[in-house]
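Colleague: 3D model of this:
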Amino acid sequence: MAENRALNEQELQELVQSSDSGARNPRGWVGVMVAVVALSWSIFQVLLASPIGPYVLPGDMINNARQIHLAYAIFLSAMAYPLFKSAPKEYVPWYDWVLAIGGALAAMYGYFFYQKIVDNGGLADTQDTYAALVGIFLLFVAAYRTLGPVMVALAIVFLAYVFFGSSEIFPEQIRWAGASLRKAMSHMWITSEGVFGIALGVSTKFVFLFVLFGALLEKAGAGNYFIQMAFGALGHLRGGPAKAAVVGSAATGLISGSSIANVVTTGTFTIPLMKRVGFSAEKAGSVEVASSVNGQIMPPVMGAAAFLMVEYVGISYIEVIKHAFIPAVISYIALFYIVHLEAVKNKMPTIGDRVVSVWRTAFGMFMFFAGFAALCYVTQYPVRLISALVPEGAAWVLALLVLATYVALVWVAAKVPDLAPDDPASEIVKLPEVAKIYKAGLYYLLPIVVLVYFLMIERKSPGLSAFWASFLLFAILLTQKPLKAMFRGQSETVPLLREGLFDLIGGMIDGARNMIGIGLATATAGIIVGTVSLTGIGQVMADFVEFLSGGNLILMLVLVAILSLILGMGLPTTANYIVVSSLMVGVVVHLGAQSGLVVPLIAVHLFVFYFGIMADVTPPVGLASFAAAAISGGDAIKTGFVAFFYSLRTVALPFVFIFNTDLLLIDVTWYKAIVVFIVATIGILVFTAATMGFFLTRSRIWETVALLLIAFTLFRPGFFMDKLEPPYHEVPPAQIATQLDKAPVGKELRLIFSGPDYDTEKPKDLTVLVKVPDGADGQARLDALGLSVTDQDGKAVADEPMFGSELQKKLSGFDFYGNTPVTLSAVKLPNEQTPKEVMFIPAFLLLALIAFLQYRRKEDDDAPLAKGELA
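Modeller: As a prediction, the model looks like this:
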């Protein structure tokens, strides 16, 4: 059996390149040409997102930006990614030139023949059909070399279903009417329903700029600064390197779109240090995997999924960030607690001789993040003041103020030595002192402040926000080194200015190369999205899950979670989300409504997204686990299983917010949001302590069970309150007009409809949540809902709702014109309940009892600590 071996630095860089930016680096003029093409892609995307884009770029290029985006991705994939393992990495073979140029031309077909396609109404003729076939084939080749076989195999299966789904070889339950070759190619390649659909559009408009922003920030040196700050702040604690890995990965995950890159970026430093303080190779790798994969659920980027959610869910970007925030933050808090418990259980030593209390460290970190958030928020007031004083020239004044702030922060940084990457394998590791090193990179926070300000305060589009933040990074990369030299009295300004220019160009090239996989992933996933919209296979998936679950709501959610995990295996985050959301969201919405579970669409999207990204952790595919094992020298499969165990809190959270949407801050006031955050944090820590079998000391079995019960109560207090006081009471459906007349405007009603399914004609039930509209009387309010109900033989028979009404969209799955009528089978009104938060009282009392009992026996369970260790 081969011995597990940690890879060296060069091998790790090759690992990242092979997965994220391409393992081939051709030499000579070809290498220069590839760099120029990558640079031109970045320049095009920056111009496209900039305010001057409409004045600089021709209208045809703006209208067909998706085609140009894909052409760049296909061309660069052939240049940067070898087609076979044995293919040369120093030069580009002739067949890759053919595939590169052919693929780029095929992607640009819609650009070259734009007017012809418009004149044909988007319906492909013979020429379009064959061009589309060639284009899809070349896209699959590019996706195979860049993303591996999984994504391509999945797309081919779905494409095969388009052509052969009407065949008798398929069971009748999943058979569909079928489509001609022309119709299929029109849908997949010529129009914006398939490859060039929403996903590729989001990649073009938003994702590129954020990937570029991350690449520029890393090139400027921010990654090393964040890691050293985290290590300096936390390295002295028990398990300090692991805690630094969690915080460092959270910082890089904010703007990273790749779990693997996140693992390698922070893991090369933190994993060897974790091993030195007592973590096994597998546990050290697992902490890094759990930290890095969590970065994909962390706003504002969420592995680029946040921008897709805006389009798929139909809510603003700010709303997506708000809903995703608390689950992501408390998940990181829980992971931090996990590594703390591991260190305490195993009595791991600390690094260095610094003694600082855990509470002081925690308070310092809280104050930093709170101060940063406050800075982003209060920035709006001087901006408003300047805009009021000089409305015409406010933009120039603000730009000069940002520039002056940047120069001042660089002046501060010049007072201390530049941060050099530490060697974690050295015999003596000296902890960085935050008080001394924090000045060295304060100006790195400025672009992040600009990004957050434009996103959250100005409410600008993600693309434009990332443009202004990246524009500031252009200036930083160009000038940071010359300015430092000038402030230090050195005379190397001109050479350093040239070096800054090369850094800027290198960062833009890196950003473009990092986008190759994402561009191809979104395009290939468009085949799957197009198949769903063309064939209606989403209904088939719903029937399949309903059959397996037997109609049981919890089992249905578990099956969806497992299917999302399977579908996400081997896929990058962006493609992962596109695939699982296209196939699984409709299943949860459809079957949930039949079972009485009515949840906001964003909650369902986050549910499947969380389980999709778990595929990066879970064996046998678990790409992030393999990357971490390559650094630690541990067993990759074991690393994956341990990382999944550490990620149990990420697995539990989606089930929590499906049933308790307070966690997503849906319809929650600001003061209640604070309570939700505090209680949810306590809940996740209690859950973590239960799964780790350790609270203040090792837990007994009954204590573990009690801790799980407490965590459940804190996360879903309504479950027990609903048992004590039913949340709804039923009224006769025939009295709905009378009840609407009595109910206050805005009150929520649950209407349950029964009738034949439009597609299958099988009977089904559907629960619909509506709010009482305004109206003079009950009948007027019923009309406002678009609903007409008549009494027939004691049944409230519903007519098809008025076209364009909210109910018409929700009840479109019923057959209102069949032999069996659609009936309003139940009307449920909410009861006046005792606040569900009352259930927190017994939960906290039980938690206090367990804490008291464990504290009493803690002295007997704990061995004496070595000198310099912290409890």
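
Colleague: does Ala281 touch Lys275 like I think?
Modeller: Yes. Between Ala281 and Lys275 a contact is recorded at 6.2 Å, counting by C-beta atoms under 8 Å. C-beta: built from backbone N, CA, C; applies to glycine.

Colleague: what do the two both touch?
Modeller: By C-beta atoms under 8 Å, 6 or more residues apart in numbering, Ala281 and Lys275 have these common neighbours: Ser632.

Colleague: flag the shaky bits of this protein, pLDDT-wise.
Modeller: Within the chain, the stretches with pLDDT under 70 are 1-22, 173, 252-259, 261, 265, 352-358, 422-429, 620-621, 859-871.

Colleague: domain ranges for it?
Modeller: Structurally, the chain divides into domains by automatic domain parsing as follows: 9-200, 728-830.

Colleague: using PDB, write out every CA atom in the helix or strand containing Thr266.
Modeller: For Thr266, the host element (DSSP states H and E) is helix 259-276. Below are the C-alpha coordinates for helix 259-276, written out as PDB (Å, rounded to 0.1, in the frame of the first residue of the first chain):
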ATOM      1  CA  SER A 259     -13.000  25.300  -1.900                       C
ATOM      2  CA  ILE A 260      -9.800  23.700  -3.100                       C
ATOM      3  CA  ALA A 261      -8.000  27.100  -3.500                       C
ATOM      4  CA  ASN A 262      -9.100  28.000   0.000                       C
ATOM      5  CA  VAL A 263      -7.700  24.800   1.400                       C
ATOM      6  CA  VAL A 264      -4.300  25.200  -0.200                       C
ATOM      7  CA  THR A 265      -4.000  28.900   0.400                       C
ATOM      8  CA  THR A 266      -4.500  28.700   4.200                       C
ATOM      9  CA  GLY A 267      -3.800  25.000   4.700                       C
ATOM     10  CA  THR A 268      -0.100  25.100   3.600                       C
ATOM     11  CA  PHE A 269       0.500  27.300   6.600                       C
ATOM     12  CA  THR A 270      -2.000  26.000   9.200                       C
ATOM     13  CA  ILE A 271      -2.100  22.200   8.600                       C
ATOM     14  CA  PRO A 272       1.600  21.600   9.500                       C
ATOM     15  CA  LEU A 273       1.200  23.800  12.600                       C
ATOM     16  CA  MET A 274      -1.900  21.900  13.700                       C
ATOM     17  CA  LYS A 275       0.000  18.600  13.400                       C
ATOM     18  CA  ARG A 276       2.800  20.100  15.600                       C
END
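
Colleague: so that it lines up with my notes, have the first residue be 536 from now on.
Modeller: With the count now opening at 536, the last piece we talked about shows up as helix 794-811.

Colleague: so where do the strands sit in the stretch 1136-1285 of the chain?
Modeller: Along the stretch 1136-1285 of the chain, the segments classed as strands by DSSP state E, counting those that start in this stretch run 1263-1266, 1283-1291.

Colleague: out of those strands, deepest packed?
Modeller: Among the strands of the stretch 1136-1285 of the chain, the stretch with the highest mean neighbour count (mean count of other C-beta atoms under 10 Å) is strand 1283-1291, at a mean of 20.

Colleague: surely Pro884 and Val812 touch.
Modeller: Yes. Using C-beta under 8 Å as the test, Pro884 is close enough to Val812 to be in contact (6.0 Å).

Colleague: with that, I have no additional questions.
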